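Chemist: structure for this input, please:
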Amino acid sequence: MAWAKRLSLCLGALSACDPQQGGTSASAGETTTSTDASTTSGTDASTAGTEATTEATPTTGEPGEPLGCADVRWAYDVAKFQAISDLAVDSRGHVRATLSGAEVFRVLDLDTGGVEVGAFEVSSVDAFVRWGGLDGDDNVVLQVQEDGPQWPRDWVRKFSLDGALLWEVEFAAKSDGFPVGRPAPGPDGSVLVSRSGSLHKFAADGSPVWEQANLDGLQPFAVNAAGVSVAWLLATKIVRVLDPAGIPLWQAEWGQEGLADRFIVLDGAGDVVVGEQHHGLARFSGDGALAWEKTEAELGLRIDGLVMNEAGQLAVLGLPDTGPQVVVSFGPDGAEVGRRACTQLSHVGELAIDAAGRVTIAGYDFIAENGQFDWWIVAFDG
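Modeler: Prediction:
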């Protein structure tokens, strides 16, 4: 599955509070992971000073409330005082979601019925933890940054499904430059990492594959099963597609504003879709030719999010002129195949798509009486 986040030039803080009651059912199994930050590039988990303990609690449950949505498979009520920061669907059809808080960054595992069947935590005390994504084996790639006494340090870390540290690579801002965007894992387990002065590719086991100068300020967004990747040239309207060796295949310039909120996704055929807020949507074929484009007026909404799977099925999150946010599904040819909204949700912040084209969202219902944001994850049938 290929996915895209809003363009971001700096590292954000993501963390999670201790779990409270929530979800479609009783409490779930939990994996707690603590990591020692002193390891070096490509360090194996057996020597990384990482300890993981798992206490599994069986869970059963039933679908949650529809929240004013149609065609809902299940809805998961997130624990109180917590918010969803990232959302993805893995190869099993499980939803992986992150929770933010002050002390830990928590990755949830919700099964195909919306029941929480596992979770693991990474300490975010004195650190920023940021989601990178999932590889083809459902491993989780994270970026962790700590502010040192003189120069910040950061790591790209890969965790197994149950939260065991598989490997990590450490960078130093003084010698390696600052991180640009998020690490981009591929279905083959490789990971692309962008720095202010260099671009790196690591193999599935964390070993270096190649490194090259990043003179154009490339920010990778997605990698497909063939190892092809798509990146954005910072502060421009240019997207560039690279082959598995990091050699440019083609680039295109599209959009109105180089600094506008932009979303970029890639499918298994190498097609690229670019969405620009307040402008529209465009799809480029694997050779860089413009396949189709839609203006904001044609879409009938302002783009707030964009995801695409390997098959080229597309889902767009956006806000129409009136009414709540909607999710619009498109086929690879640009034909609209569905439009959904959850009228009870005040805001939808995250979007994901599975291999079959089914869409999952995360959003909240603002409760005015107590000033709380009640977050939900909602999985649709289509």
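Chemist: doesn't residue 189 make contact with residue 137?
Modeler: Yes: because the distance of 6.3 Å satisfies Cβ atoms under 8 Å, residue 137 is recorded as touching residue 189. Heads up, the C-betas are built off the backbone N, CA and C, glycines and all.
Chemist: need the overlap of contacts for the two.
Modeler: Common neighbours of residue 137 and residue 189, counting by Cβ atoms under 8 Å, 6 or more residues apart in numbering, are residue 204.
Chemist: would you mind listing where the stretch 201-350 of the chain has pLDDT under the threshold?
Modeler: By pLDDT under 70, the stretch 201-350 of the chain contains no weakly predicted segment.
Chemist: mind running it again at 90?
Modeler: When residues are selected by pLDDT under 90, those of the stretch 201-350 of the chain lie in 257-261.
Chemist: show me where it has strands.
Modeler: Remark: strands assigned in the stretch 201-350 of the chain by DSSP state E, counting those that start in this stretch are 208-213, 218-223, 229-233, 238-242, 248-253, 262-266, 272-276, 280-284, 290-295, 302-308, 314-319, 326-330, 336-341, 347-353.
Chemist: so what are the sheet partners of the fourth one and their directions?
Modeler: In this case it means strand 238-242. Neighbouring strands of strand 238-242 in its sheet, by DSSP bridges, are strand 229-233 (antiparallel), strand 248-253 (antiparallel).
Chemist: need those in a markdown table (columns: mean neighbour count).
Modeler: Written out in a markdown table, the entries for those read as follows (neighbours: other Cβ atoms under 10 Å):
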| stretch | mean neighbour count |
| --- | --- |
| strand 229-233 | 25 |
| strand 248-253 | 14 |
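Chemist: so what's the nearest residue to residue 110 once chain neighbours are set aside up against?
Modeler: For residue 110, ignoring the flanking residues on the chain, the nearest one in space by Cβ to Cβ, 6 or more residues apart in numbering is residue 95 at 4.3 Å. By Cβ under 8 Å, 6+ apart, the contact list for residue 95 reads 76, 87, 88, 89, 108, 109, 110, 114, 352, 360, 377, 379.
Chemist: any idea what residue 95 is bridged to?
Modeler: When bridges are taken as DSSP bridges, the partners of residue 95 come out as residue 89, residue 110.
Chemist: tell me the confidence at the closest residue to residue 187 other than its chain neighbours?
Modeler: Across the structure, with Cβ to Cβ, 6+ apart as the measure, the residue nearest residue 187 apart from its sequence neighbours is residue 136 (3.6 Å). In this prediction, residue 136 carries a pLDDT score of 97.
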